[in-house]
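*Asks:* The amino acid sequence is not available; the structure is as follows:
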């Protein structure tokens with residue numbers, strides 16, 4: 001089918017499927033998820049076979065080893081996808097739940113009920129496991145979803161799509177509730193972003209370039225984060241041993257993720273004591289330090305930082321370090337260079353900790369904890385769709401509830417407005 005016909009047709013089919021998903025029972029949704037998990041394990045040889053086609057194309061195209069690794073479906077990948085689906089099936093279904101109820105003077109009972117968003121379009125790169133993870137979360141939250149993975153994972157995603165379709169049909173749900181765009185044509189993205197009548201939300205997952213492209217071309221609301229420029233501020237009252245442990249974990253535990261530490265801010269009153277010890281630990285972990293002039297006066301073997309280092313998301317074993325005058329100076333720096341993603345303070349001063357929590361603008365703000373905790377699983381949400389630095393309608397890790405919205409419901413017994 002011509003792509004100009006295919007994408008609108010998929011969007012309209014998803015809209016129809018969304019009305020079915022809206023009234024699907026928890027048992028039906030869980031059956032679909034558990035069947036999907038079972039089929040992944042049973043059909044693993046088929047998945048490996050299709051994945052090999054993508055890997056062969058990736059190698060022939062000269063894609064970097066890291067991308068080839070992200071493309072690979074291994075036995076562990078299958079196991080993780082299946083376990084993730086079973087975990088999502090175990091979650092409480094948010095759809096139809098009521099929040100606080102209040103009664104008006106005229107006797108009306110007012111509450112807010114959680115409902116699905118409708119149709120979600122997800123545009124992502126490389127990792128085939130995102131196809132399953134995203135489909136599982138969207139289906140459990142009662143949404144229909146259209147998945148547009150990277151062209152480099154075309155065969156893998158089509159194979160996963162066949163498994164999702166079989167699982168939905170086994171649960172008595174429409175196969176169109178979770179569709180994979182079956183083409184490499186990049187025009188599919190532009191067409192998808194133009195289906196504002198049938199798609200309610202777009203969620204891009206990938207590099208900053210992809211996300212900015214989606215935002216620039218979408219006629220549909222987009223939930224996004226461009227990058228994670230995360231800071232940790234070591235206050236003058238900090239326990240310096242704790243600060244060193246937190247900074248090292250935040251930077252070096254897994255440097256290539258969006259909640260990894262990118263800039264360390266140190267109060268001038270503790271810089272001379274803290275930085276030499278911290279620098280030794282960073283060097284042992286292979287971290288390159290790029291410092292401001294005050295940092296270089298304490299750590300002369302650090303690399304001189306440039307203006308380009310302060311807004312940088314390295315996603316690597318590189319850390320920018322700045323000595324600041326005080327907490328106000330630290331917060332000014334965060335406001336100027338931060339990305340509203342994750343910010344942390346190390347302090348033993350209660351009033352400063354509460355002020356930092358209140359005034360710093362980020363989706364997650366931490367006191368005496370690593371930035372690496374900005375993660376749905378770590379915060380008790382279970383699986384997540386990603387992290388949003390938008391504020392409408394979600395801010396921070398997006399779990400099941402963030403894939404729903406709320407409507408007002410009102411119960412009366414004949415009241416009329418005077």
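*Replies:* Arrived safely, thanks for sending. Quick caveat, the model's predicted, so the values are computed rather than measured. Numbering: from 1, shown residues only.
*Asks:* hey, where'd the helices end up in this structure?
*Replies:* 3-23, 26-42, 44-60, 65-71, 75-90, 129-140, 154-170, 187-192, 208-217, 240-252, 268-284, 293-298, 327-337, 350-359 (DSSP state H).
*Asks:* Go through those helices and name the closest to residue 227.
*Replies:* Proximity to residue 227 (Cβ to Cβ) singles out helix 208-217 among the helices of the chain, at 5.2 Å. In short, each C-beta sits where N, CA and C put it, glycine included.
*Asks:* still on that earlier bit, right, so the helices of the chain: which one is the most enclosed?
*Replies:* The highest mean neighbour count among those, using mean count of other Cβ atoms under 10 Å, belongs to helix 129-140: a mean of 26.
*Asks:* average model confidence for that helix?
*Replies:* Taken as a whole, helix 129-140 has a mean pLDDT of 96.
*Asks:* From the contact counts, what lies against it?
*Replies:* In terms of contacts (3 or more Cβ pairs under 8 Å, 6 or more residues apart in numbering; DSSP states H and E), helix 129-140 is packed against helix 26-42, helix 75-90, strand 119-124, strand 144-148, helix 154-170, strand 178-180, strand 201-205.
*Asks:* related to what we said a few turns ago, output the helices of the chain in a markdown table, with distance to residue 262 appended to each entry.
*Replies:* Below are the helices of the chain laid out as a markdown table (distance: least, Cβ to Cβ, whole Å):
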| stretch | distance to residue 262 |
| --- | --- |
| helix 3-23 | 37 |
| helix 26-42 | 36 |
| helix 44-60 | 29 |
| helix 65-71 | 19 |
| helix 75-90 | 27 |
| helix 129-140 | 24 |
| helix 154-170 | 31 |
| helix 187-192 | 29 |
| helix 208-217 | 13 |
| helix 240-252 | 8 |
| helix 268-284 | 13 |
| helix 293-298 | 15 |
| helix 327-337 | 9 |
| helix 350-359 | 18 |
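*Asks:* Check those helices for me: which has the lowest mean pLDDT.
*Replies:* Ranked by mean pLDDT, the helices of the chain bottom out at helix 65-71, which scores a mean of 89.
*Asks:* sorry, back to before: can you tell which of the helices and strands packed on helix 129-140 is closest to residue 314?
*Replies:* It's strand 201-205; of these, that one is closest to residue 314 (Cβ to Cβ) at 19.8 Å.
*Asks:* who's in contact with the residue nearest to residue 403 when sequence neighbours are not counted?
*Replies:* Of all residues not flanking residue 403 in the chain, residue 141 sits nearest, at 3.9 Å (Cβ to Cβ, 6 or more residues apart in numbering). With contact set as Cβ atoms under 8 Å, 6 or more residues apart in numbering, residue 141 has these partners: 94, 95, 116, 117, 400, 401, 403, 404.
*Asks:* Residue 332: which of those residues is nearest?
*Replies:* Distances from residue 332 to the contacts of residue 141, taken by Cβ to Cβ, are shortest for residue 401, at 33.7 Å.
*Asks:* how close does the residue nearest to residue 403 get to residue 177?
*Replies:* In this view, residue 141 and residue 177 are 12 Å apart by Cβ to Cβ, to the nearest Å.
*Asks:* With adjacent residues omitted, what lies nearest to residue 113?
*Replies:* Nearest non-adjacent residue to residue 113, counting by Cβ to Cβ, 6+ apart: residue 409, 4.9 Å away.
*Asks:* contacting residues for residue 45?
*Replies:* Residue 45 sits next to no residue when contact means Cβ under 8 Å, 6+ apart.
*Asks:* With residue 170 as the reference, measure out to it.
*Replies:* 20 Å.
*Asks:* Just list the residues touching residue 304, thanks.
*Replies:* 290, 291, 293, 296.
*Asks:* which of those residues lies closest to residue 270?
*Replies:* Nearest to residue 270, judged by Cβ to Cβ, of the contacts of residue 304 is residue 291 at 15.4 Å.
*Asks:* wait, the closest one sits on residue 305?
*Replies:* Yes - the criterion here is Cβ atoms under 8 Å, and residue 291 meets it with residue 305 at 5.6 Å.
*Asks:* Find residues that contact each of these two.
*Replies:* In contact with both residue 291 and residue 305: 320, 321, 322, using Cβ under 8 Å, 6+ apart.
*Asks:* ok, the last one to residue 243 distance?
*Replies:* Spelled out, it's residue 322. 15 Å.
*Asks:* again with residue 312
*Replies:* 22 Å.
*Asks:* Repeat that for residue 392.
*Replies:* Residue 392 sits 35 Å away from residue 243, going by Cβ to Cβ.
*Asks:* ditto for residue 369
*Replies:* Plainly put, residue 369 is 11 Å away from residue 243 if you go by Cβ to Cβ.
*Asks:* Could I get the phi/psi values of the closest residue to residue 399 other than its chain neighbours?
*Replies:* Distances taken as Cβ to Cβ, 6+ apart place residue 381 nearest to residue 399, at 3.4 Å, with adjacent residues excluded. According to degrees, to the nearest 10, the main-chain angles of residue 381 amount to phi -90, psi -10.
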